[in-house]
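K.L.:
Just to be clear, the model below is a prediction. Sequence and coordinates:
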Amino acid sequence: MTTGADCKADRSPCTGGMDETNDCVICFGDIHGHVAAAKAAIELAERLGVPAVFLGDYVDRGPDSLGVLIEAMSASRKHPEWIFLLGNHDLMLMQLIDGIRHPEGYDERTFNETLPTIPTEMQNSINAWLRDRPVFKRRSACLFVHGGFTDSSIPLDEVSHDELVWTYGVPRDWRGEMVVRGHAVVDEVEIRPHDININTRCGFGGVLTGLLIDCVAGQPRHLWTISENGHLLRNTPIHGQAYRPC
């Protein structure tokens, strides 16, 4: 039986014949409190034997934000190479634990529904984990971010955390890496020449999308969808390029 470690050492048996220089990750959109979907996403990435990138918004809307945080924190310790980005809802929870309210009241749901479910004795550890989450991550020809940014001429290191987690999309003149993002709700994955949105309504009665990305080529290769209650619904190659899991 082939293991995940074997797949990483020899990528071609695991990538349906793709070039061995490809650097693949599986990205997941906003989870919003659906712990069964979170568990299914983690299990799928482990079964495929590729690193995972979670685009943030682990909390709010769904029935078990605390459960999602526990699963994400555990997976980040087990798989330190995986990426867990910060989303705007996660930022609001972090600020609420610090005693800071959103000036425009956008944190009402987080304050009323999520914060009361976080035991006092866990708030410091959850806050520390959230504080360690990056707001964007580059990998080869891909750029992962929860929300987006407004000005292509400004280096992302100089862009505020608020902008990166709250902005919907990227500027039309962006010609950098392929941006993979969530935040803006869509019914189906949107693949454009310079950005991909995979936030397919998990937390709104939709599904959680997992998208396999070839980071060297900056191209999507395979798509999975997971129901809010954790069932795998769709397993589809993109551009005819099938992905064979380990």
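P.N.:
Arrived safely, thanks for sending.

K.L.:
does Gly33 really touch Ser65, like I thought?
P.N.:
Yes. If you go by Cβ atoms under 8 Å, Gly33 and Ser65 touch, sitting 4.2 Å apart. Every residue, glycine included, has its C-beta placed from N, CA and C.

K.L.:
which residues are common contacts for the two?
P.N.:
With contacts taken as Cβ atoms under 8 Å, 6 or more residues apart in numbering, the residues that reach both Gly33 and Ser65 are 58-59, 114.

K.L.:
Out of those residues, the closest to Asp173 would be?
P.N.:
Ranked by distance to Asp173 (Cβ to Cβ), the shared contacts of Gly33 and Ser65 are led by Tyr58 at 31.7 Å.

K.L.:
Would you confirm that the closest one contacts Ile70?
P.N.:
No. Counting by Cβ under 8 Å, Tyr58 does not reach Ile70; the two are 10.0 Å apart.

K.L.:
who has more neighbours, these two?
P.N.:
In this view Tyr58 and Ile70 are compared by other Cβ atoms under 10 Å, and Tyr58 has more residues nearby, 33 against 16.

K.L.:
Can you classify that one by secondary structure?
P.N.:
Secondary structure, DSSP: H, G, I helix; E, B strand; the rest coil: Tyr58 is coil.

K.L.:
Spatially, and excluding backbone neighbours, which residue is closest to it.
P.N.:
Excluding the flanking residues, the one nearest Tyr58 by Cβ to Cβ, 6 or more residues apart in numbering is Val68, at 4.6 Å.

K.L.:
Worst mean pLDDT across the helices and strands of this protein, which element?
P.N.:
Ranked by mean pLDDT, DSSP states H and E, the weakest helix or strand in the chain is helix 4-9, scoring a mean of 32.

K.L.:
Show the subsequent helix or strand relative to that one.
P.N.:
Once the chain leaves helix 4-9, the next helix or strand it forms, by DSSP states H and E, is strand 24-28.

K.L.:
Quick one: mean pLDDT over that next one.
P.N.:
Strand 24-28 shows a mean pLDDT of 98.

K.L.:
Quick one: residues in contact with that strand.
P.N.:
Identification of contacts with strand 24-28 by Cβ under 8 Å, 6+ apart yields 11, 15, 18, 41, 44-45, 48, 50-55, 83, 139, 142, 144, 180, 198, 208-215, 221, 224.

K.L.:
Can you flag which of these belong to helices?
P.N.:
If you go by DSSP state H, the contacts of strand 24-28 have 41, 44-45, 48 in helices.

K.L.:
Looking at the residues you listed, state which has the most neighbours.
P.N.:
Neighbour counts for these, by other Cβ under 10 Å, peak at Ala41, which reaches 29 neighbours.

K.L.:
returning to what we had before: please identify which helix or strand holds the residue nearest to Tyr58.
P.N.:
According to DSSP H and E, Val68 maps onto helix 65-78.

K.L.:
for Pro80, same thing?
P.N.:
Here Pro80 is assigned to no helix or strand, by DSSP H and E.

K.L.:
What is the neighbour count of the residue nearest to Tyr58?
P.N.:
Close neighbours of Val68, defined as other Cβ under 10 Å, add up to 25.

K.L.:
Okay, now the unreliable bits of this protein?
P.N.:
In the predicted model, the chain carries pLDDT under 70 at residues 1-22, 240-246.

K.L.:
before we move on, the earlier item: among the contacts of strand 24-28, which are in strands?
P.N.:
In strands, judged by DSSP state E, the following of the contacts of strand 24-28 are found: 52-54, 83, 139, 142, 144, 180, 208-214, 221, 224.
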